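Engineer: I would like to see how this sequence folds:
(chains A and B)
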Protein chains: 2
Amino acid sequence: MKLAIVGATGAVGHELLRVLEQSSLKFSELQLYASPRSAGSTLSFKGQDLVVQVMPEGAIPADVILASAGGSISKEKAPLWVKGGSLVIDNSSAFRYDDTVPLVVPEINGEAALKHQGIIANPNCTTAIAAVAVYPIHREYGVKRMIVSTYQATSGAGAKGMQELEDQTRRVLDGEQATNEVFAHPIPFNLIPHIDSFQDNGYTKEEMKVVWETHKIFGDDSFPVSCTAVRIPTMRAHSESITLELERPADPEAVRELLRRSPGVKVVDDPAQKLYPMPLTSSGQYDVEVGRIRSSLVFDGGLELFVSGDQLLKGAALNAVQIAEYLQEQGALNEKAGV
Amino acid sequence: MKLAIVGATGAVGHELLRVLEQSSLKFSELQLYASPRSAGSTLSFKGQDLVVQVMPEGAIPADVILASAGGSISKEKAPLWVKGGSLVIDNSSAFRYDDTVPLVVPEINGEAALKHQGIIANPNCTTAIAAVAVYPIHREYGVKRMIVSTYQATSGAGAKGMQELEDQTRRVLDGEQATNEVFAHPIPFNLIPHIDSFQDNGYTKEEMKVVWETHKIFGDDSFPVSCTAVRIPTMRAHSESITLELERPADPEAVRELLRRSPGVKVVDDPAQKLYPMPLTSSGQYDVEVGRIRSSLVFDGGLELFVSGDQLLKGAALNAVQIAEYLQEQGALNEKAGV
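Structural biologist: Got it, this is the predicted structure:
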């Protein structure tokens, strides 16, 4: 099985290499592609230096392409790659709302990936992180309403977002005025309640992604979801405050027990020991931390919880690799003849 | 009218001096008190240097005392000050839940201040900032449920909290490990979903303050409130994501109009111009910024909004001075004979 990464030099590309080093995914070749600017550079994989190539105009000679170079490149190129015989696991939002494209979090709806027509979409990072924690609760207790407020890291805007936070924080500490190029406003010691573009209904596209994608991944749009998405000056883990109204009343301790048995999440919920989800502890970790689990004060039998997960991992690179692993385990990754 | 500040050298004390310089409050003398450690230092007020005195054991020779030296000092001393004939406007939580002590946000329940028995409590900063924005909506549309997630600045832990953020951020940028003394965990590029102590119900006291104090200030505990309180690495303005279920359906534009006519708030809500509440713009401002006003996706006719307000000002110093101003305007600040 020949594997390719498109957008290998970006923040998610970097994590894809690290996740693949740890992965059980079997492949015979790893091709790295990026823009002409980055081509010719090398990236380390299992101690070897791999050369980054310029992305070809048309097809890519790989069985599986992990695409992480942005929505406009995916939109233009993915159909050509599929025509060339590749399966595309796409990290952008380009195809997520296409009814013929599965949107997959393997812990939740891995089997949807089996029905692909050449493209499988990787969800929005904020959605993926909330979904792994909320889905087991939904299955057991039935979500009736879901209200989310996010605390999103600068890595959501890629490596350049993290760089802007670091550079501009230095400026502020040196007594200078912060500037901004990546974000809509200076980010050091600030927050920005604006991620992606505003929609007609007053919500941002980032907020609506959480609504649309939660419904699609759960295969259930019977419950309303609302979201307020906020960028804060952290590096790479997204956190979320989640309030759930439920069909059947949930006891917090039973929910902790349920989540301890659930894949992809780690219960970090011992306030007496000052243990709760935080970017400091969830960054670099595969599992999404979930804690602050308590009975809701506004919904009888409902819940409040707090999650923190590495948006570059479960929110992006890890989930994409897990989709490929799932397909290989299911015997659904067939090598093409002749590539 | 003789005025005293207890805790004059703290972060709120510093803001009290600045607010009093701008205030219409008439007073003939300003006394500054602090711990023995800070006594003897001077603080500037309207170009004059005032000497900070050691707090006396018993009564303070002032008509009005603005107390901002923490809950334990207020708890011990305020009754003695009242016995000495002073009116105490207390910034701590020591007396907020005492039925005989009014808890006052002048824009909402100024008249409650008139019924004091020597002590008037200043609300928790997070509560005050949400309350000025939500109360006009409550009056017009009737809040049925209120769900709050906070983004709280390090100034909530006083000057030493802001200092820890600054010092430890420098350490991290220098490649060192951050440490923590003020906060439960390192705060640079992190968040901590833990403010004040945990209660038996799994909520922190900070979160429960928002519940208890909103009900007391509104004079209405008929609607449930829930809160998740989170410390983020910002300096001095608290922000809050608020979801409201309402008795009567609200149109976002009508709510903007209502809030434009309401005191203590400034509508900052023009996404096309990238205008929404942020610490960067609300810090140092008297009015609480309110924006991102939109129809709720989970409650028919309900609202979602985002607020940001300077916790040292409306959340503390400003509100305390406004209580004194209100009482003076009402002719309810009588000078004592003989002090």
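Engineer: surely A:Val132 touches A:Leu259?
Structural biologist: No. Look at A:Val132 against A:Leu259 with C-beta atoms under 8 Å: they stay out of range, at 9.4 Å. Every residue, glycine included, has its C-beta placed from N, CA and C.
Engineer: ok, those two, which is more surrounded?
Structural biologist: Between A:Val132 and A:Leu259, counted using other C-beta atoms under 10 Å in any protein chain shown, A:Val132 has the larger neighbour count: 26 against 23.
Engineer: pLDDT at whatever residue of the stretch 101-250 of chain A ends up closest to chain B, what is it?
Structural biologist: As assessed by C-beta to the nearest C-beta, chain B sits closest to A:Gly202 within the stretch 101-250 of chain A, at 3.1 Å. At A:Gly202, the pLDDT value in this model is 98.
Engineer: which residues touch the residue nearest to it when sequence neighbours are not counted?
Structural biologist: In this structure, A:Gly202 finds its nearest non-sequential neighbour in B:Arg294, 3.1 Å apart by C-beta to C-beta, 6 or more residues apart in numbering or on different chains. Contacts for B:Arg294 were tallied using C-beta atoms under 8 Å, 6 or more residues apart in numbering or on different chains; they are A:201-203, B:252, B:303-305.
Engineer: could you flag which of those residues are buried?
Structural biologist: With burial judged by 16 or more other C-beta atoms under 10 Å in any protein chain shown, the buried subset of the contacts of B:Arg294 is A:203, B:252, B:303-305.
Engineer: helices of the stretch 151-300 of chain A, start to end?
Structural biologist: A:159-173, A:205-218, A:252-260, A:279-282 (DSSP state H, counting those that start in this stretch).
Engineer: number of nearby residues for A:Val265?
Structural biologist: 25.
Engineer: ok, it to A:Ile129 distance?
Structural biologist: 10 Å (C-beta to C-beta, to the nearest Å).
Engineer: quickly list what's touching both of the two.
Structural biologist: A:288, A:307.
Engineer: need the helices of the stretch 151-300 of chain A in a markdown table (columns: mean pLDDT).
Structural biologist: Listed next are those as a markdown table, based on pLDDT from 0 to 100:
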| stretch | mean pLDDT |
| --- | --- |
| helix A:159-173 | 97 |
| helix A:205-218 | 98 |
| helix A:252-260 | 98 |
| helix A:279-282 | 98 |
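Engineer: which residues are common contacts for A:Val132 and A:Leu259?
Structural biologist: A:Val265.
Engineer: next up, the contacts around the residue lying closest to A:Leu275 once chain neighbours are set aside.
Structural biologist: Counting by C-beta to C-beta, 6+ apart, A:Val268 is the residue found nearest to A:Leu275 once chain neighbours are left out, at 5.3 Å. Contacts for A:Val268 (C-beta under 8 Å, 6+ apart) come out as A:275-277, A:281, A:289-291.
Engineer: mind listing what's buried in stretch A:264-280?
Structural biologist: For stretch A:264-280, using 16+ other C-beta under 10 Å, the buried residues are A:264-269, A:271, A:276-280.
Engineer: re the thing from before, may I see the helices of the stretch 151-300 of chain A arranged in TSV, with distance to chain B as well?
Structural biologist: Compiled in TSV, the helices of the stretch 151-300 of chain A are given as follows (distance: least, C-beta to the nearest C-beta, whole Å):
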stretch	distance to chain B
helix A:159-173	6
helix A:205-218	6
helix A:252-260	7
helix A:279-282	4
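Engineer: save the ones you listed as TSV, and put in distance to B:Lys26 too.
Structural biologist: Formatted as TSV, the helices of the stretch 151-300 of chain A follow (distance: least, C-beta to C-beta, whole Å):
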stretch	distance to B:Lys26
helix A:159-173	39
helix A:205-218	49
helix A:252-260	53
helix A:279-282	49
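Engineer: A:Ala317 is nearest to which of those?
Structural biologist: Nearest to A:Ala317, of all those, is helix A:159-173, at 12.9 Å by C-beta to C-beta.
Engineer: contacting residues around that closest one?
Structural biologist: Outside helix A:159-173, the residues that reach it (C-beta under 8 Å, 6+ apart) are A:10-11, A:14, A:153-155, A:157, A:177-183, A:186-189, A:233, A:235-236, B:166, B:169-170, B:173, B:189.
Engineer: nearest to B:Phe45, out of the helices of the stretch 151-300 of chain A?
Structural biologist: Going by C-beta to C-beta, the one of the helices of the stretch 151-300 of chain A nearest B:Phe45 is helix A:159-173, 28.9 Å.
Engineer: ok so, going back, my guess is the residue of the stretch 101-250 of chain A closest to chain B contacts B:Gly291, does it?
Structural biologist: No. The criterion here is C-beta under 8 Å, and A:Gly202 misses it with B:Gly291 at 10.0 Å.
Engineer: pick out whichever of the contacts of B:Arg294 sits closest to A:Ile5.
Structural biologist: Looking across those and measuring by C-beta to C-beta, the closest to A:Ile5 is A:Tyr203, at 32.3 Å.
Engineer: go ahead and confirm the closest one touches B:Leu297.
Structural biologist: Yes. Using C-beta under 8 Å, A:Tyr203 is in contact with B:Leu297, at 7.5 Å.
Engineer: common neighbours of these two, please.
Structural biologist: With C-beta under 8 Å, 6+ apart, A:Tyr203 and B:Leu297 have common neighbours A:Val211.
Engineer: before we move on, the earlier item: pLDDT score assigned to the residue nearest to A:Gly202?
Structural biologist: pLDDT at B:Arg294 comes out at 98.
Engineer: now swap in A:Glu335 and tell me
Structural biologist: 65.
Engineer: returning to what we had before: how about the buried residues of stretch A:264-280, which pair is most distant?
Structural biologist: The farthest-apart pair in the buried residues of stretch A:264-280, when distances are taken by C-beta to C-beta, is A:Gly264 and A:Pro271, at 23.0 Å.
Engineer: what sits closest to A:Ser262 if chain neighbours are left out?
Structural biologist: A:Pro136 (4.2 Å).
Engineer: now the strand or helix carrying the one you found, how far from the chain's geometric center?
Structural biologist: Using DSSP states H and E, A:Pro136 maps to helix A:125-141. Distance of helix A:125-141 from its chain centroid, counting by C-alpha atoms, centre = their mean, to the nearest Å, is 13 Å.
Engineer: measure A:Asp300 to chain B for me?
Structural biologist: Counting by C-beta to the nearest C-beta, to the nearest Å, the gap from A:Asp300 to chain B is 9 Å.
Engineer: now do the contacts for that residue.
Structural biologist: By C-beta under 8 Å, 6+ apart, the neighbours of A:Asp300 are A:Pro249.
Engineer: so which bits of the stretch 1-150 of chain A are right by chain B?
Structural biologist: Applying C-beta under 8 Å from any C-beta of the partner chain, we find that the stretch 1-150 of chain A lies next to chain B at A:145-147, A:149.
Engineer: and A:Phe45, how far is that from chain B?
Structural biologist: 26 Å.
Engineer: so which residue of chain A lies furthest out from the middle?
Structural biologist: A:Gly175 (35.5 Å; C-alpha atoms, centre = their mean).
Engineer: what pLDDT does it get?
Structural biologist: In this model, A:Gly175 carries a pLDDT of 97.
Engineer: now do the contacts for A:Ala131.
Structural biologist: A:105, A:108, A:123, A:213-214, A:217-218.
Engineer: rerun at 7 Å
Structural biologist: Applying C-beta atoms under 7 Å, 6 or more residues apart in numbering or on different chains to A:Ala131 gives the contacts A:105, A:108, A:214, A:217.
Engineer: scan those and report the most crowded one.
Structural biologist: A:Thr214 (27 neighbours).
Engineer: out of the helices of the stretch 151-300 of chain A, which is closest to B:Gly47?
Structural biologist: Of the helices of the stretch 151-300 of chain A, nearest to B:Gly47 by C-beta to C-beta is helix A:159-173, at 29.6 Å.
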